[in-house]
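Generate coordinates for the sequence data below:
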Amino acid sequence: MMVADGGMVDGSWELTILVTDLQVEKTLRVKGDLHIGGVMLKLVESLDIAVDWSDHALWWQEKNMWLARTRSTLDQYGVQSDARLAFTPMHKNLKVQLPDLQVLDMRVDFSINVFSTVVQICKDLGIRHPEELSLLRKFDRDEIRRNMANRNGSLNQKKKRNESTGSSMTSPYMTSGSNNSMDSTGPNSPYMMRFPASPSPQGTLMRPVSNPGSTGSPTNTPHTPNSPYSYNGTMSPGSYGSLSFEGSMDLSLANSPATPTREAFITLYRPRTFIEKAKVNGGWLDSSKSLMEQGFRENHLILLRYKFFNFYDLNPKYDQVRINQIYEQAKWALISEEIDCTEEEMMMFAALQLQVMLQYGTNQLSVDQVDNHTNEGDDDIDAALTDLQVSLEGSHITSPGDITKIPELQDYLRFFKPKKFTLKNFKRYWFVFRDTHVTLYRSKDDTQGSPVMKVNLKGCEVHPDVNITGQKYGIKLFIPGSDGMSEVWIRCESEDQYAKWMAACKLASKGKTMADSSYETEVQSIQAFLSMQHPAPAPAISTSQLDIQPEDFVAPRFMKKFKTKQLVTRIMENHANVRDMTLIESKMNFIKAWQALPEFGITYFIVKFRNHKKEELLGVAFNRIIKMDLNSGDSLKTWRYNTMRAWNVNWEVKEVIVQFEEENVAFRSPFTDCKVIHEYIGGYIFLSMRSGDKNQTLDEEMFHRLTGGWA
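Below you'll find the model as predicted:
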C-alpha cells in the first residue's frame, strides 16, 4: 500500500538519482536504514551497463556535500524522498595555473579535501613538500573593488558566489565544456582528458598534452601514465617530502618559458593597497573541504601558489621544479608590486632575472650535473656530518679558549628616534650589543657609568634602510612596548659594520644571540646581498649585444621613473656582478634576496580586534603575527609564536582567539572567513614542527588538528 508522500507501508520510499555520465535519472525504492554503499550498488545494478563505476560517488547538491561515508545510512545523512542526488565521478578535469603562470589541464579528485588534492597535484608535478602550497581562488579585478567598497556582509556574498561558481545551464550538474554533464567528456568516455583547442584563458600559457605522433595540437587525450601531467609510475608512494623524487622530476617545469609582462598582467592581479592585498588573501581555499564543497566544478580555473613562506630543505639535486616555481612566484610578486623593494634591490633582481634568461637554454644542467656541481664530491652523509660539526662547534666569533664568554659588538653608531614634526637628527653614541640587548653610551669612556638607553630587541621588527649609491646603511627597529611599537633608527658607517649589526639585530629579534651558529652565515648572506647591488664599472654585455625589454624585468613604477635606455644600462651594469652564476645559482640567489626583503612572507588580512571599532591590518608571518596600520602598513605590535600557548576559533561569532604568554588576542574579519586566518597560524606551527629527518612522512592528521580551529 502506498501513502501520500510516495512511501510504502513497509517504510520504503522513492529516491531519484541523476547519473551524470549518461544524463539519466533513475528512481530507486529504498529504506532509511539502507547504507550509502548499498544505494550505489542498487543503482549500478539497475543501470545494467558494463562500465567501471569504481570512481563514482554520490553528491548532494542541495546540501553541498559528498556522501562519502559508504557505511552510513540514508537516515544518518538525513536523505529523504525530496533529496536529489547525483552519481558522478570523483576525478574531474581542472585547469591549474602554476606559480610560473602556465596553465595545466589536470585530473584531480574533487571528493577529497584540498590538502590531499594539493599533495596529489605536487606528486604529479614532482614538487616536494606540498604542505607549503595550497589553492587560491582567482578574483576578478572588479569583484575586488566591489568588495572593498562594501566589506560588511561580504561573507554571505562570498558564500553565494561560491555556490554559483558552477554553470548557469538548466541542470545544476552541467558545467562549461562538459558535454551536458557534470564531469564526462562524452557519454562513453568518462575517463578521457580534455584539452581546449583554443588559446588559454586570458592569455595565460596553456600546457596541453598531445597524442603521441601528433603535430602538437591539443586533443582529447587519454589520461595515461605516459602523460607528463599524470601520475609518474616511478615515483615512490612514500613520503612526499622525502628524497624519493630523484629520477621522477619533470624537467620541462624546471625552466619556465618566458612570459611577457603585458601578457602576464592580463591574469595577474596587481594590488595597489594593503586593503586589496588582504582581499586577495581571502581567496585561499579551506584545506579541510573538497573542491566541490567550495564551489568548483569541472574545467574551472584555480591557482596553485606557495602559501606558507617557510621553505624546507631546498636541494638543487631534487628540487629543480620546486626552486623554479618558487623563483617564478617571487619574480611575479616583485614585478606586479605585490611586494615592495628599493630601486637598487629592483635592479639587482632584474640582473639575476637576466642571468637566468641567459643561462636558460645554454646551461641546462641534468640532475647528475647539478649534483656534481653543488656537492663537489661530497655525498649527503659528509654534508650532514659537516652541518652537525658546525652546529656543535658554534660560531667562530666565540674564542676557542673561552667558551663561556658571550660574544658582543661594540662600536660608534648614529642613533635617531623619530617623532612627529621633527627633523632627522642622528646623534653619535657608543653602542654595545650583548645577548639580545643594545646599550647606548655617550662615549666609549662612559661604559662604566649609566647608559643613555638600553633596549631588549627580542620580539622586535627589524627592517633594512639601505641606499648603496648614497652610502646609507641604516637599520630600523620597531620595539614592542606596553603602549605599542616604538621606532628607533640606527645608522652604520660601512657595509661591513652594517652586516654585523644587522645580523645581530635579526637574531636578537628571534631571541637568539651572536653565539648562535647561524650568526656568521647571516653576516655573509647580508654582505652577498649588498655586493650584488653594487653597479659594476662596466657592463659584462654591451647593450647593443642584447635586446631586452625592461618592462619584463622591473616593476611598472620604475618604468615611469626612468627612460627605457637608462633602465637597460642599469640592469646591464648590475648584471656584471652575477654574470658567473649558473642557472640554479641565479634562481637560488634571487630567492634568498627575496627572503631578505622586509615585507617577505607577510600575509595581510583586515580584522577588527575585540573591543575595537576600527578596522586594522593583521600580518601573519612564519614566526609571528603583527598588528599593523591599515593604510601605511607600519607595525603597531608583534606577537611571536614561541610565546603562544593556544589558538582556536569561536565558531558562533567567527572570532579567532590566540593565547600568548603576555595577553590574549581576539579578532574577527569583516569579509574573510576566520578559518582562512586560523589555518595560516596553525599551518606555520605545523611547518615549524618538521624535523631534520629528510625522509619524514607528511602527517596530514596533525595538520588538520592544528588548523581545524577547535580548542
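
can you give me the strands for the stretch 351-500 of the chain?
For the stretch 351-500 of the chain, applying DSSP state E, counting those that start in this stretch gives strands covering 408-416, 427-434, 437-441, 453-456, 461-467, 472-481, 484-492.

any idea which of those is most buried?
Among the strands of the stretch 351-500 of the chain, strand 437-441 has the highest mean neighbour count (mean count of other Cβ atoms under 10 Å), at a mean of 20. C-beta: built from backbone N, CA, C; applies to glycine.

Below-threshold pLDDT in the stretch 351-500 of the chain: ranges please.
361-405, 420-423, 483-484 (pLDDT under 70).

again, only using 90
For the stretch 351-500 of the chain, applying pLDDT under 90 flags the ranges 360-407, 417-425, 447, 458-461, 468-471, 478-487.

Out of the strands of the stretch 351-500 of the chain, which is closest to Leu583?
Closest to Leu583 of the strands of the stretch 351-500 of the chain, according to Cβ to Cβ: strand 461-467, at 27.7 Å.

Return the list of strands paired to that closest one, each annotated with direction.
Partners of strand 461-467 in the sheet, by DSSP bridges, are strand 472-481 (antiparallel).

Pipe the strands of the stretch 351-500 of the chain into CSV and attach distance to Lys123 per row.
Shown next, in CSV, are the strands of the stretch 351-500 of the chain (distance: least, Cβ to Cβ, whole Å):
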stretch, distance to Lys123
strand 408-416, 47
strand 427-434, 47
strand 437-441, 48
strand 453-456, 46
strand 461-467, 38
strand 472-481, 41
strand 484-492, 43
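
Going along the chain, name the helices of the stretch 51-200 of the chain.
For the stretch 51-200 of the chain, applying DSSP state H, counting those that start in this stretch gives helices covering 74-77, 114-125, 141-149, 154-163.

Flag every buried residue along the first one.
By neighbour count, and taking 16 or more other Cβ atoms under 10 Å as the criterion, the buried residues in helix 74-77 are Leu74, Tyr77.

Averaged pLDDT, it. What do you get?
Taken as a whole, helix 74-77 carries a mean pLDDT of 96.

for stretch 13-25, how far is the first residue from the last?
Across stretch 13-25, the terminal residues are separated by 16 Å (Cα to Cα, to the nearest Å).

heads up, I number from 40, so please use that
Yep, numbering from 40; the last one is stretch 52-64 now.

Next, the buried residues of that stretch.
So for stretch 52-64, counting by 16+ other Cβ under 10 Å, buried means Trp52, Leu54, Ile56, Leu57, Val58, Thr59, Asp60, Leu61, Gln62.

In the stretch 140-289 of the chain, where is pLDDT below threshold?
177-289.

what ranges of the stretch 540-689 of the chain fall below the confidence cut-off?
549-550, 556, 567, 570-587, 652, 662, 671-677, 679, 681-682, 687.

Could you rerun that using 70?
577-579, 581-583.

quick revisit: how about the strands of the stretch 390-539 of the chain, which one is nearest Glu84?
Closest among the strands of the stretch 390-539 of the chain, using Cβ to Cβ: strand 500-506, at 65.4 Å.

between the closest one and strand 523-531, how many degrees?
Strand 500-506 runs at 40 degrees relative to strand 523-531, counting by axes from the mean of the first three to the mean of the last three Cα atoms, to 10 degrees.

so what's Gly640 up against?
By Cβ atoms under 8 Å, 6 or more residues apart in numbering, the residues touching Gly640 are Phe348, Asn349, Gln634, Ala660, Phe661.

what's the closest non-adjacent residue to it?
Of all residues not flanking Gly640 in the chain, Phe348 sits nearest, at 3.5 Å (Cβ to Cβ, 6 or more residues apart in numbering).

what's around the one you found, how many residues?
Using other Cβ atoms under 10 Å, Phe348 is surrounded by 19 other residues.

Surely it forms part of a strand?
No. Read with DSSP: H, G, I helix; E, B strand; the rest coil, Phe348 is coil and lies in no strand.

ok so, going back, export the buried residues of stretch 52-64 to CSV and append columns for distance to Glu702, secondary structure and pLDDT.
As requested, the buried residues of stretch 52-64 are exported to CSV (distance: Cβ to Cβ, whole Å; DSSP: H, G, I helix; E, B strand; the rest coil; pLDDT from 0 to 100):
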residue, distance to Glu702, secondary structure, pLDDT
Trp52, 56, strand, 94
Leu54, 54, strand, 96
Ile56, 54, strand, 96
Leu57, 54, strand, 96
Val58, 57, strand, 96
Thr59, 53, coil, 94
Asp60, 57, coil, 93
Leu61, 60, coil, 93
Gln62, 59, coil, 94
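
With respect to Phe455, which of the residues you listed is nearest?
Thr59 (67.8 Å).

so that closest one makes contact with Lys131?
No. Taking contacts as Cβ atoms under 8 Å, Thr59 lies outside contact range of Lys131: 10.2 Å.

coming back round to it: need the buried residues of stretch 52-64 in TSV with distance to Thr486, can you?
Formatted as TSV, these follow (distance: Cβ to Cβ, whole Å):
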residue	distance to Thr486
Trp52	89
Leu54	85
Ile56	83
Leu57	82
Val58	84
Thr59	79
Asp60	82
Leu61	86
Gln62	85
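
what about the strands in the stretch 240-389 of the chain?
With DSSP E, counting those that start in this stretch as the criterion, the stretch 240-389 of the chain has strands spanning 244-246, 260-261, 340-345.

how about Thr682, what does it touch?
Gly498, Phe699, Glu700, Glu701.

swap in Ile365?
Per Cβ under 8 Å, 6+ apart, neighbours of Ile365: Pro138, Tyr345, Phe350, Leu353, Ile630.

between the residues you listed, which is nearest Met387?
For these, the nearest to Met387 is Ile630 (13.0 Å; Cβ to Cβ).

Please tell me how far the closest one sits from Pro138.
Noted for Ile630: a distance of 12 Å to Pro138, by Cβ to Cβ, to the nearest Å.

could you pull out the helices for the stretch 540-689 of the chain?
According to DSSP H, counting those that start in this stretch, the helices that the stretch 540-689 of the chain contains are 558-570, 595-600, 603-614, 622-634.

Give me the contact list for the second one.
Contacts to helix 595-600, defined as Cβ under 8 Å, 6+ apart, come from residues Glu376, Glu382, Met385, Pro589, Glu590, Leu606.

In ChimeraX, select just the buried ones from those.
Selection of the buried residues among the contacts of helix 595-600 in ChimeraX, burial being defined by 16+ other Cβ under 10 Å:
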select :382,385,589,590,606
